[in-house]
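>>> build me a model:
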Amino acid sequence: MYEYQAKRVLARCGVAIPQGVVVHTADEARHVALPAVLKSQVLAGGRGKAGGVQVVNDTNQLLPAYQRIMATPIKGQLPQVILAEERLPIEREFYLSILIDRANQRLELLAHAQGGVEVEALDQGSFLRRAIDGNRVASLADELAATYQLPGRQAELATLLQQLLVAAQAQDATLLEINPLVLTATGALIAADCKLVVDDAARFRHPEWPAAQAEHNFVELNRAGSVATIANGAGLAMATVDAVEAAGLKPANFLDIGGGATSQQVLAAFQRLMEFPHLQAIVINIFAGITRSDEVARAIITARQRMAGLPPLFVRLEGTNAAEARELLAAEGLVLYPHLPAAIAAVARVVQRSDHE
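Got it, this is the predicted structure:
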């Protein structure tokens, strides 16, 4: 989940989070209350060092900061929205997480007196690491108060641990991380950042979850575009968009699903594209290396079966297991084009025919 989605989960469980709003457009950005922290919403770490988190104190800085963040890729991902939050009066920063200990088949609490961007550099032996369940919350709160040097706040920490445990279990989380957990100048404990990783195998139990998000680079080019594109690798994705445009068609998007795309990522890409209202075709251009052509083919077939209103698909797959992919697609009546120009030519015929009907 994105940070803003994870924080909504925390808030529903009673955990204190900063006041904030999700900003979708430049016009919305102009109305953000200051001072504020603007945070890129991508499924990647290292946002602060990459320029994806900026503090804004002055109205004149607001729109430029928003534009910089929206234009800054972080590990190949561009944000579609940002989170604008109040600037907290930070006294201290702690680390706190609940994660699955697969080796011992249990949930584990991990805590440290130092939180923030450099937590990865801390000695692993310096962390408080304990098994956690509902029966251990009180005793763990004692240890956590000692770790954080917060005497007399055991009851408050016990409540926080119980809230996080409920959130992790209710969301089938493999990781719920608060970094940092901030102690403010007024003495409040606030989850300033949150990372929530859920077990996608449990998706059938969670219709409320947002659609699965591929770790991809997506750019909307034309909301009224008639041809969507999916490719793996930035170079191939750009070449696909250029080929669509060179054919006199209107590309709707740029979408790079990455070099190791899985069937889940391909399905997530289809879900993203279905948001465009005027699509007449989707061009899929995959060169399989780490990615397997047959896995992509199965995702394409699943998408056709599950998604009503999916426009015609024009598929070019090469590389690993391409022969098996060809057989799978042929069995479903789908053509696998030998190269991109052939696929684009077929798209042009369909779109032009539709334009004249």
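>>> any weak-confidence spans in the stretch 251-357 of the chain?
Where the stretch 251-357 of the chain drops to pLDDT under 70, the residues are 259-264, 290, 352-357.
>>> ranges for the strands of it?
Counting by DSSP state E, counting those that start in this stretch, the stretch 251-357 of the chain has strands at residues 253-256, 281-288, 313-319.
>>> redo those as TSV? Include distance to residue 104 and mean neighbour count.
From N, CA and C alone the C-beta is placed, and that goes for glycine too. Converted to TSV, these look like this (distance: least, C-beta to C-beta, whole Å; neighbours: other C-beta atoms under 10 Å):
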stretch	distance to residue 104	mean neighbour count
strand 253-256	39	24
strand 281-288	38	24
strand 313-319	40	21
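>>> what's the closest of the ones you listed to residue 231?
Evaluated over the strands of the stretch 251-357 of the chain, closeness to residue 231 peaks at strand 281-288, with 4.4 Å, by C-beta to C-beta.
>>> select, out of the strands of the stretch 251-357 of the chain, the one closest to residue 38.
strand 253-256 (23.7 Å).
>>> how about the CA coordinates for that closest one, as CSV?
Once non-C-alpha atoms are left out, strand 253-256 reads as follows in CSV (Å, rounded to 0.1, in the frame of the first residue of the first chain):
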residue,chain,number,x,y,z
ASN,A,253,0.1,6.5,-21.7
PHE,A,254,3.6,5.4,-21.1
LEU,A,255,3.9,2.2,-19.0
ASP,A,256,7.0,0.3,-18.1
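>>> give me the helices and strands touching that strand, please.
Here strand 253-256 touches strand 217-220, strand 227-231, helix 234-246, helix 263-273, going by 3 or more C-beta pairs under 8 Å, 6 or more residues apart in numbering; DSSP states H and E.
>>> ok, residue 276 touching residue 252?
Yes - look at residue 276 against residue 252 with C-beta atoms under 8 Å: they come within range, at 4.9 Å.
>>> could you tell me which residues touch both of the two?
Counting by C-beta atoms under 8 Å, 6 or more residues apart in numbering, the residues touching both residue 276 and residue 252 are 223, 225, 228.
>>> residue contacts, residue 15?
160, 163-164, 167, 191.
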